[in-house]
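Colleague: From the sequence below, what's the structure:
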Amino acid sequence: MRFATKAVHVGSETDQDAAGSVNAPISYSVTFDQNRQKEKFEYSRTANPTRLALERNLAALEEGRHALAFASGLAAETTLMTVLKAGDHVVCMDDVYGGTYRLFTQVFADYGMKFSFVDARDLVAVKKAITPSTKMLWLESPSNPLMKIVDLKALAELANSAGILSVVDNTFASPALQNPLKLGIDIVVHSTTKYLGGHSDILGGAIVTSRDEVHERLRFSQNALGGVPSPMDCFLTLRGIKTLAVRMERHCLNAKRIAEFLNSHPAVKTVLYPGLPGHPGHELAKRQMRDFGGMLSFELKDPAMAVKVLERVKVIIRGESLGAVESLIEHPASMTHASIPKPQREAGGVTDGLLRISAGIEDGEDLIVDLREALVSR
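Modeller: Numbers count the residues shown, from 1 in each chain. Below you'll find the predicted structure:
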């Protein structure tokens, strides 16, 4: 099956219950009668039929053998880090979600893990950062919020040659646009809150892998830590995924139109969107993605204008998160990436004048008019 068909059907097969339900039934049961079941269910923290349906769907979309669902993206990341121990070293790209940075530097660093942050576009820098204690390479592409594109195939080969796990947070691209496992990456993580759920009404996370031993270790941790999603959140995520293919077409179209508009606006210093030919990762994105995504960032010439833009937008919503049907705009320096120290944040390019947009599925012209009016000097 091709992607759009898998998104609609995998996990929702009609043999799940006696009624032949078209949608996966919501199983609220905490415990199960073990004398009356086809599959082995004991307790919902360990396994739940609705969660299993979602996990089967997620594995199929990412073209992996195994998937595990969690209560949030950070719950997935926290569980994933249980494959490491005190003294282990992680090479992480320098532009990642602020919550990931906070988790690594303010939580797991206290447990004896070590982290180095490097520009993963530079393969030589990544190779130099790997030490005998390095166990993991953590990547994003496109990255949050600077939209860096890294060569996933080359980095997967580098990690494999060094004997370390490679991880990609694929939230920005979604499996509709990019499948890192097919490029040799070991593990994919998602905030299913974003494009997969798609409607700003659920929190969720996921881990997908084709490595059996990694999956078994993480399945144990999923049960032991208990950061699992509710059956209703699993159902809503599955429902959102059914329209992922068509939603991503509009997300990408609107993001491209917004990027082109901003790229010619006199108040804008720089537009960061891999779909623009001038983006340094444009050609690489063309090779490893099926489209350029619905996320973009832009830097204003006057940083003081950033807050004014946030206050003036009427159609686009000022808010954190991304990947939903409504367009969102946020200020990374004070919102999603506020946990990164200012000197480090600004050195990396997350300045006070940087704004990030998640293009929704509204009429693109309305979004451009909204931005045009918000950018007027007053």
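Colleague: And the contacts of stretch 237-249?
Modeller: 3-4, 7-8, 11-12, 23-24, 50, 53-54, 57, 61, 69, 174-177, 192, 195-199, 202, 204, 229, 291, 294, 325, 361 (C-beta atoms under 8 Å, 6 or more residues apart in numbering). For glycine as for every other residue, the C-beta is placed from the backbone atoms N, C-alpha and C.
Colleague: Kindly recompute the last result at 7 Å.
Modeller: By C-beta atoms under 7 Å, 6 or more residues apart in numbering, the residues outside stretch 237-249 that reach it are 3-4, 7-8, 11-12, 24, 53-54, 57, 174, 176-177, 192, 195-199, 202, 204, 325, 361.
Colleague: ok, of those, which come out buried?
Modeller: For the contacts of stretch 237-249, a neighbour count by 16 or more other C-beta atoms under 10 Å gives the buried set as 3-4, 7-8, 11-12, 24, 53-54, 57, 174, 176-177, 192, 195-199, 202, 204, 361.
Colleague: Please compute how far the longest helix seen in the chain lies from its chain's middle.
Modeller: When the chain is parsed with DSSP state H, its longest helix is helix 244-263. How far helix 244-263 lies from its chain's middle: 17 Å, per C-alpha atoms, centre = their mean, to the nearest Å.
Colleague: what does stretch 90-110 give?
Modeller: 15 Å.
Colleague: Stretch 176-183 now?
Modeller: That offset, for stretch 176-183, works out to 12 Å (C-alpha atoms, centre = their mean).
Colleague: What about the buried ones among the contacts of stretch 237-249, which are in helices?
Modeller: Short answer: the buried ones among the contacts of stretch 237-249 in helices (DSSP H) are 3, 4, 7, 8, 53, 54, 57.
Colleague: dump the residue contacts of the third one.
Modeller: I take that to be residue 7. 61, 241, 242, 244, 245.
Colleague: And those, which two are furthest apart?
Modeller: 61 and 242 (11.3 Å; C-beta to C-beta).
Colleague: Look at the two and report which has more neighbours.
Modeller: residue 61 (26 against 18; other C-beta atoms under 10 Å).
Colleague: Spatially nearest residue to that one (excluding sequence neighbours)?
Modeller: residue 175 (4.1 Å; C-beta to C-beta, 6 or more residues apart in numbering).
Colleague: Can you tell me the SS state at residue 235?
Modeller: helix (DSSP: H, G, I helix; E, B strand; the rest coil).
Colleague: where's it relative to residue 12, distance?
Modeller: Distance, residue 235 to residue 12, by C-beta to C-beta, to the nearest Å: 10 Å.
Colleague: what touches both of the two?
Modeller: residue 24.
Colleague: what residue lies at the spatial centre of the chain?
Modeller: Centrality entry for the chain: nearest residue to the mean C-alpha point is residue 171, 1.5 Å, by C-alpha atoms, centre = their mean.
Colleague: Might one say that it is in contact with residue 191?
Modeller: Yes: counting by C-beta atoms under 7 Å, residue 191 is a contact partner of residue 171 at 4.7 Å.
Colleague: okay, and the common contacts of these two?
Modeller: With C-beta under 7 Å, 6+ apart as the test, residue 171 and residue 191 both reach residue 73.
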